[in-house]
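K.L.:
Provided below are the primary sequence and the corresponding predicted coordinates.
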Amino acid sequence: MFKDKTVDQIQYVTSYYEAGQAAGITLTADQKKSIKEQMDSLKSSASEANQSLDDYIEKEFGDYCTAATLETVQEQAYIAENYYRHTLTRSNISDAEYNAFYKEHSKDYYNCAFAFIEMTYDTTSAETKAASVKKAKEYLTKIHSVKDMKKMIPTVCADLIKRYVAGGYFENEAKAVDGLSEYVENTMTAKDTSYGKETTQWLFNDSTKVGDTTYYCDEENGFIYLFIKTGTPKLDETAVYSVRHLLVTPGEDSKNSSSTSSTEKKYTKKEWAAAKEKAEKLLAQYNKTDKTEYDFAMLAEENSADTNSTSAGGQGVFGGMIEAPKRVPWCPNLRNGLWTTAASTAMWPL
């Protein structure tokens, strides 16, 4: 599973990086700064360990990995993500295309509820594997509900509980059981293959009834997952919104003053007036463009104080994006185009 995901990630980065290079996409100043800070941190750690930088990196990250390798990997990942976000924001999908795609793939967006717990999988030999699977099947005969599954945690997860306590994740075994109980109930989409394709197919198969159980052997990581189906597949029809925002905060340089929340710091009326004036200038600048989503995204990239919603934040977010927020008080008031409020001096296009 881990190997497949790694290969997928390498293919993703490589393809988008090459396309980004061809399109002239470059690193932002903040991304360059982030890479430098990470490399400086590694240099400091190497010095404390009395090792050369390359020796330290090879020890921490594996054979043949050097400082140049790490820098290159980070640069390629950033450029790949930048290109992907630029391209995604520029793309225009018609309602007809959207509806046609949804009609063909709607089942992929169904969710199904399930519960699961995990046990260790002894992969030492064919005999130990068989013994682990036999034990998993015996456990499943005692699980007919989520309540049954939670009761089984101290027994099924005994080895894991000891590891978690020894590793300091929980204070004692009782708290470890309580902690694991909180994560028993879950949902997955029809496209999710985190627990193997066969598990997803089993969960979404019409012949699999609520209360049915199964198991999945993760040989690579040494776990067996025990599952019980707790719901039928259904489409999540919760209303969500696609929102981009540009945050202007009071202060001399609002783009670099986001370390202190505006709710924590008191500003003068003069500072608020200056922030509003800046927001209005940015609004005027936007109104001179073609008023596309991409135009606004680029304006947010260059001016927003909320760097966590731009490529400067290093979180794979671009152009002031707030992805799929659910209904909140201000959402119904928004319309396609631009909405502004003097109270927060923010701009929101949908």
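P.N.:
Happy to help now that I have it.

K.L.:
please count neighbours and contacts with C-alpha atoms only from this point.
P.N.:
OK.

K.L.:
can you give me the distance of P154 to I117?
P.N.:
11 Å (Cα to Cα, to the nearest Å).

K.L.:
before we move on, what about K151?
P.N.:
According to Cα to Cα, K151 stands 11 Å off from I117.

K.L.:
compare these two (neighbour count), which wins?
P.N.:
I117 (22 against 15; other Cα atoms under 10 Å).

K.L.:
give me every residue that touches that one.
P.N.:
I117 is in contact with 149, 153, 156-157, 184, 225-227, counting by Cα atoms under 8 Å, 6 or more residues apart in numbering.

K.L.:
the residues you listed: which two are farthest apart?
P.N.:
Greatest spacing in these, by Cα to Cα: C157 and F227 (13.7 Å).

K.L.:
ok, the two, which is more surrounded?
P.N.:
The residue with more neighbours, out of C157 and F227, is F227; 25 against 18, by other Cα under 10 Å.

K.L.:
and that one, what's its pLDDT?
P.N.:
Note on F227: pLDDT of 98.

K.L.:
try the one 5 residues further on
P.N.:
Each residue has a pLDDT score; the one for T232 is 95.

K.L.:
and it, how many residues sit next to it?
P.N.:
T232 has 17 neighbours, counted by other Cα under 10 Å.

K.L.:
name all residues that make contact with it.
P.N.:
112-113, 204, 209-210.

K.L.:
likewise for I35?
P.N.:
I35 sits next to 71, 74-75 when contact means Cα under 8 Å, 6+ apart.

K.L.:
against Q9, how distant is I153?
P.N.:
As judged by Cα to Cα, I153 and Q9 stand 34 Å apart.

K.L.:
these two: which is more packed in?
P.N.:
Set I153 next to Q9 and count neighbours by other Cα under 10 Å: I153 wins out with 21 against 13.

K.L.:
contact partners for the more buried one?
P.N.:
117, 177, 180-181.

K.L.:
can you check C112 too?
P.N.:
C112 makes contacts with 187-190, 203-204, 231-234, as judged by Cα under 8 Å, 6+ apart.

K.L.:
can you name the next helix or strand after the helix or strand that contains Q11?
P.N.:
For Q11, the host element (DSSP states H and E) is helix 2-22. Going down the chain from helix 2-22, the next helix or strand is helix 29-48, by DSSP H and E.

K.L.:
would you map the helices across the stretch 151-300 of the chain?
P.N.:
158-166, 173-181, 197-204, 269-287, 293-303 (DSSP state H, counting those that start in this stretch).

K.L.:
which one of those helices lies closest to L27?
P.N.:
helix 293-303 (12.6 Å).

K.L.:
run the chain-centre distance for that closest one.
P.N.:
How far helix 293-303 lies from its chain's middle: 22 Å, per Cα atoms, centre = their mean, to the nearest Å.

K.L.:
isn't E323 up against H245?
P.N.:
No. Using Cα atoms under 8 Å, E323 is not in contact with H245, being 10.8 Å away.

K.L.:
out of these two, which sits in the busier spot?
P.N.:
The residue with more neighbours, out of E323 and H245, is H245; 25 against 13, by other Cα under 10 Å.

K.L.:
what segments of the chain are strands?
P.N.:
Secondary structure of the chain (DSSP state E): strands at 110-120, 185-189, 213-218, 223-229, 234-235, 243-244, 246-247, 321-322, 339-341, 346-348.
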